[in-house]
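Trainee: have a look at this prediction, sequence included:
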Number of protein chains: 4
Amino acid sequence: MADEAMEKRKPDFEIRTDLALEERESFPGDGGEIRGVSLREWRENGSDIRMTEVKILDGNGERAMGKPRGTYLTLEADRLRQKDEEYHREAAVQLAGQIRRLLAGMTGRTEWSILTAGLGNSQVTPDALGPEVAGRLRVTRHLEGQYGTGFCRRRGLPVLSGIVPGVMAQTGMETAEILKGIIRETKPDVLIAVDALAARSIRRLGTTIQLTDTGIHPGSGVGNHRHSLTEESLGIPVLAIGVPTVVGAAAIVHDTADAMIRALWDSTAGGGIGGFLQKLDSEEQYDLIRELLEPEFGSLYVTPPDIDETIRLLGQTISDGIHRALF
Amino acid sequence: MADEAMEKRKPDFEIRTDLALEERESFPGDGGEIRGVSLREWRENGSDIRMTEVKILDGNGERAMGKPRGTYLTLEADRLRQKDEEYHREAAVQLAGQIRRLLAGMTGRTEWSILTAGLGNSQVTPDALGPEVAGRLRVTRHLEGQYGTGFCRRRGLPVLSGIVPGVMAQTGMETAEILKGIIRETKPDVLIAVDALAARSIRRLGTTIQLTDTGIHPGSGVGNHRHSLTEESLGIPVLAIGVPTVVGAAAIVHDTADAMIRALWDSTAGGGIGGFLQKLDSEEQYDLIRELLEPEFGSLYVTPPDIDETIRLLGQTISDGIHRALF
Amino acid sequence: MADEAMEKRKPDFEIRTDLALEERESFPGDGGEIRGVSLREWRENGSDIRMTEVKILDGNGERAMGKPRGTYLTLEADRLRQKDEEYHREAAVQLAGQIRRLLAGMTGRTEWSILTAGLGNSQVTPDALGPEVAGRLRVTRHLEGQYGTGFCRRRGLPVLSGIVPGVMAQTGMETAEILKGIIRETKPDVLIAVDALAARSIRRLGTTIQLTDTGIHPGSGVGNHRHSLTEESLGIPVLAIGVPTVVGAAAIVHDTADAMIRALWDSTAGGGIGGFLQKLDSEEQYDLIRELLEPEFGSLYVTPPDIDETIRLLGQTISDGIHRALF
Amino acid sequence: MADEAMEKRKPDFEIRTDLALEERESFPGDGGEIRGVSLREWRENGSDIRMTEVKILDGNGERAMGKPRGTYLTLEADRLRQKDEEYHREAAVQLAGQIRRLLAGMTGRTEWSILTAGLGNSQVTPDALGPEVAGRLRVTRHLEGQYGTGFCRRRGLPVLSGIVPGVMAQTGMETAEILKGIIRETKPDVLIAVDALAARSIRRLGTTIQLTDTGIHPGSGVGNHRHSLTEESLGIPVLAIGVPTVVGAAAIVHDTADAMIRALWDSTAGGGIGGFLQKLDSEEQYDLIRELLEPEFGSLYVTPPDIDETIRLLGQTISDGIHRALF
């Protein structure tokens, strides 16, 4: 299954990161402005969790960022990979605040009937974040069936349901088909789709949570969905929550080679190869490296050996965040 | 989750077995005929696997058996709980033959587009048979999307998809709702629903496979579905495949008490309590025992300690049977 | 594996419960005294957790109870099978107090170097309690190797190590051999052996924790060890912590038949079979039932379907109790 | 746990590969001879599995290779990561032949009493190869206890036992201590230690099996043992079987940088930085890269996302190989 997933990834090789934040950072002179993209950074008082909101505002921003317009919110919390209950609670609280804010913006309401989809393959650890989160949800929608419509609202409960749709290699169906059918039948207001992502930087694995009101797009996620999960395709707004769990081997090499080139440039006073390489733009450097890498790494993705623990910890924290946002 | 499942079971206490075969055996004078019910037993040449087909033919049969009209086919294979590859292969071959025969009867065709639903809770071992089977399927339906409609048929492959819908306490949705939505979206010809069952006799746990063209009915299965999964509710024929994995504690006691009473009757020459009890019919005996059991056992269900191994072995054999029937 | 375990159980059929408390309760007129056995019951202030201490004082007590002399302490906490964090914390605190008290009595000290053995088969859910507990331990002994002997004591830490020895059908070795070798090499002061037990009453499954300073004896536990784990066999004192997770099917039937007989006796005014049965003592009744049960149930053990959840909850609570006792 | 394992790895950063084959390949002019090291390559007739035997013959060879003298045998089978039963069977047959040959050479006998240790952490997927293999063994040693000494030999069975000792962060004990105790108590002739390894090349992950008669040495393996498991430390010969499952991020970068430098050298005709870098030897290049990598990657190890499937497949194949060698 993973082999197939990796196979399928090949044509999408250009997609080097699912994080809008990393896309934004890849622009030269990173303090600079990009037309059609707004950027805002802050920390909640006293917290060391860094929030960044990238907004893609128009077609120009879309072209520059290679992502559809909308809001991309990132929580960076370096200690999320550690077993620190207090810290994870704080992250869940901040996550909850942002989930509420985005849901309110997407729906114009503050009470919702929500379907949560845990995307990915529960048999492949780095792709199992979605199923891990869905397995920890306190669903309530069935109480409406048992005790009558309106039960949840009268009790101040959200109407929450959850599904683990599996991946196409296991089900023979597109995730979009499965969710479309379930949504038509059970009529939630909004879909929360939780997925594992690919990042460029190993430092981000398991330490960054991205929220976006734009849904899931083809070629994104560890499992690499072919069909998009968006308001257009599903008929209801989609809040996507993702955490990077893999990095492309080519991206690792690129970043290091970049550092190496800068160092060499300094040491050789800008002559020779250093100069040659400096003249290449990021895309050309990347292509050069990719060529040099073949066939050894191909389009291999890598993950840290402690990913099992990371998936458990973040599965807990994200489900906690969803509960705090809704209950 | 399991607690809730057991909770929910209470009102359905009368359902003591999901096996039509056991229902049939419970009639006194077991060689006798029941109006509206036909019975046929055989073995494939040389095999020690016993096949029994119970057909409920009309309203009279339905009332007598407490099950809807249709065909109930049982494979009894005593060594299925043992790790004997050869034996499991033989069981899979016989299972495959019966699956083909039933599907042909249900649809009038010999090629099908099939959705397989692995019912039950993967987190509760005795209820995990369905997810175990679904996790081993070789699905093909997505190849039609990748290589064009008709690809499977041209290659002599079935169009097979699979889903693990989860249980209501995990999803907040009725299994029927989830399947209805997926069926409407992906349009299979027929649903195969695999589920863990409750039996009356511990001897049958993990050794009996029941196939029926009547689908799944409320109150059946270890997970105890509230809504039926039938052609009426889903719009396509439903072949249900089940294996008993739990027995009600009350049923255990009943069967033993029954044996005890018979023995005592013999030893006291028909007088006293033996006589008193003999005069009660099976239902009255059962009620008496149930009353005596409360509140210690309540409606407790029990399972053997080696159920983990049994689920693995049978998950393999049933998925193998489905593959042999279709590929 | 489980099949073998169940096979091996046959010769030990007489052992119907691993709980001294149940053995004690089986004596007629349960308020009465047994020579050589002392009994004490209490609750910590305000708690609904019932503590019972059975002490077997001499050879007479050993013969009456069928267990070696020593202290058997039982915590009965009916809500342990439910997911109630507060309640589990309270149980862990009370457990910790009793562990400290017993360890102090066994060793004459209040600081210990402890090896914890998680007995049982991690692949068979009802036998997986020991591995579950061991997997959650915060071991410290290796810090002595890393930072120098005495490191733990200077920091106020216990010297704690842990092992999951596996079961004989997996390892080909007696658990006693494995532990003896490890103890000789690593020299702990005391062994804590955690194991799943067999009870007579379904009500006790997952709700009762037994502590004893007598170690583990042949024929006890779900996995049914052949060699004892005691100070005599291992050279250091052994504190055994166990929770019942299975009940013999014969015990279920016996208890119910007993109730039935009493009811029938009343309804027929002591004549006939009721009278016949009343004259049999408990052991004779049990033998009669066992005979009637064969071959259907044989020596089958049963467990509730929600045992997966119970093992997780109690694994957490017992490891928490050990930590609170030691750290 | 994994974090600690990765923490501990830091001081051993120089160990870039556990494979003698890769060490050998790292010498410049790879057709050349190294004093004190013999090399032999072959394929069994018609097979595409490549066998390589590196023998380190003396102190000179030890210094050159950074590994103790002894035999290092490698099976390279590129399709081992795929689910191809036939291919895995062939690999198991060839593995079995080499296990027998090495055991015979190590012990001077052809019948053995063997303890198999499944090293590593079953909770961290890439480190779980050893536990996976041990969990599939058909142990027999206990039959000697049940049916009398000599039972196995009379039946033509090996005397086989197995243990999963866990990792120090879980047990608080050195693996060497645990095995030493068990060996002293149960007296096997030889230890087979199965472990996950670190390689330099991603291409080798899950496709290469290394056998060596030199045992396990500090700093090797994914779990990074501190004490050696050798005939010197344990008193019996040790056959180590390992499969690489992780690669150091630094190694990935080094290999690519190397390719890049060669390409740049060509394109700039040997001047500038290319020339500067070419003058550095492999060790200096590596140090330079390591420095540039900090702190982003530190001593990070990476693994492919489909490692779960790889561990299952190879666990099956290696246990099959051991069985074929012994039974």
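Mentor: Looks like it arrived, so ask away. Please read all numbers here as calculations on a predicted model, not as lab measurements. Numbering: from 1, shown residues only, chains lettered A, B, ... in the order given.

Trainee: is it true that A:Ile216 touches A:Gly130?
Mentor: No: with contact defined as C-beta atoms under 8 Å, A:Ile216 and A:Gly130 do not form a contacting pair (10.4 Å). To be clear about C-beta, it is placed using only N, CA and C from the backbone, and glycine gets the same treatment.

Trainee: need the three-state assignment for the residue of the stretch 51-200 of chain A at minimum distance from chain D.
Mentor: Closest contact between the stretch 51-200 of chain A and chain D, by C-beta to the nearest C-beta, is at A:Pro126 (4.7 Å). Three-state call for A:Pro126 (DSSP: H, G, I helix; E, B strand; the rest coil): helix.

Trainee: once you drop chain neighbours, what's closest to whatever residue of the stretch 101-250 of chain A ends up closest to chain C?
Mentor: Residue of the stretch 101-250 of chain A nearest chain C, by C-beta to the nearest C-beta: A:Arg138 (10.8 Å). Among residues not flanking A:Arg138 along the chain, A:His323 sits closest, at 6.2 Å (C-beta to C-beta, 6 or more residues apart in numbering or on different chains).

Trainee: do A:Leu300 as well
Mentor: Using C-beta to C-beta, 6+ apart, the closest residue to A:Leu300 is A:Ala249 (4.4 Å).

Trainee: how about low-confidence regions in chain A?
Mentor: A:1-16, A:28-32, A:219, A:223-226, A:253-299 (pLDDT under 70).

Trainee: and the residue nearest the centre of chain A, how far from C:Val93?
Mentor: Nearest residue to the geometric centre of chain A (C-alpha atoms, centre = their mean): A:Gly242, 2.9 Å. Distance of A:Gly242 to C:Val93, computed by C-beta to C-beta, to the nearest Å: 40 Å.

Trainee: any shared contact partners between A:Ile216 and A:Gly130?
Mentor: Residues touching both A:Ile216 and A:Gly130 (C-beta atoms under 8 Å, 6 or more residues apart in numbering or on different chains) are A:Leu119, A:Ala193, A:Asp195.

Trainee: partner strands of whatever helix or strand the last one lives in, parallel or antiparallel?
Mentor: Taking DSSP states H and E as the criterion, A:Asp195 maps to strand A:190-199. With DSSP bridges as the test, strand A:190-199 is paired with strand A:113-118 (parallel), strand A:238-248 (parallel).

Trainee: could you dump these to TSV with distance to C:Ala176?
Mentor: Output for the strands paired with strand A:190-199, formatted as TSV (distance: least, C-beta to C-beta, whole Å):
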stretch	distance to C:Ala176
strand A:113-118	45
strand A:238-248	44
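
Trainee: burial count for the residue of the stretch 101-250 of chain A closest to chain C?
Mentor: By other C-beta atoms under 10 Å in any protein chain shown, 15 other residues sit near A:Arg138.

Trainee: list the contacts of it.
Mentor: A:Leu160, A:His323, A:Phe327.

Trainee: returning to what we had before: okay, now the sheet partners of the next helix or strand after the strand holding A:Asp195, with direction.
Mentor: Counting by DSSP H and E, the element after strand A:190-199 in chain order, helix or strand, is strand A:208-212. Sheet pairing here is set by DSSP bridges, and for strand A:208-212 it gives strand A:70-76 (antiparallel), strand A:238-248 (antiparallel).

Trainee: run the chain-centre distance for stretch A:231-246.
Mentor: 9 Å (C-alpha atoms, centre = their mean, to the nearest Å).

Trainee: likewise for stretch A:118-126?
Mentor: Worked out by C-alpha atoms, centre = their mean, stretch A:118-126 lies 14 Å from the chain centre.

Trainee: then stretch A:130-143?
Mentor: On C-alpha atoms, centre = their mean, the centre of stretch A:130-143 falls 19 Å from the chain's centre.

Trainee: any buried residues in that stretch, and which?
Mentor: Across stretch A:130-143, burial judged by 16 or more other C-beta atoms under 10 Å in any protein chain shown covers A:130-137, A:139-143.

Trainee: got the end-to-end distance for it?
Mentor: Stretch A:130-143 has an end-to-end distance of 24 Å (C-alpha to C-alpha, to the nearest Å).

Trainee: how many neighbours does A:Leu115 have?
Mentor: 29.

Trainee: and the gap between the residue nearest to it when sequence neighbours are not counted and A:Arg324?
Mentor: Leaving aside its sequence neighbours, A:Leu115 sits nearest to A:Pro188 (C-beta to C-beta, 6+ apart; 4.0 Å). Distance, A:Pro188 to A:Arg324, by C-beta to C-beta: 19 Å.

Trainee: more neighbours, the two?
Mentor: A:Pro188 (21 against 17).

Trainee: go ahead and confirm the residue nearest to the centre of chain A touches A:Thr17.
Mentor: No: using C-beta under 8 Å, A:Gly242 makes no contact with A:Thr17, being 11.1 Å away.
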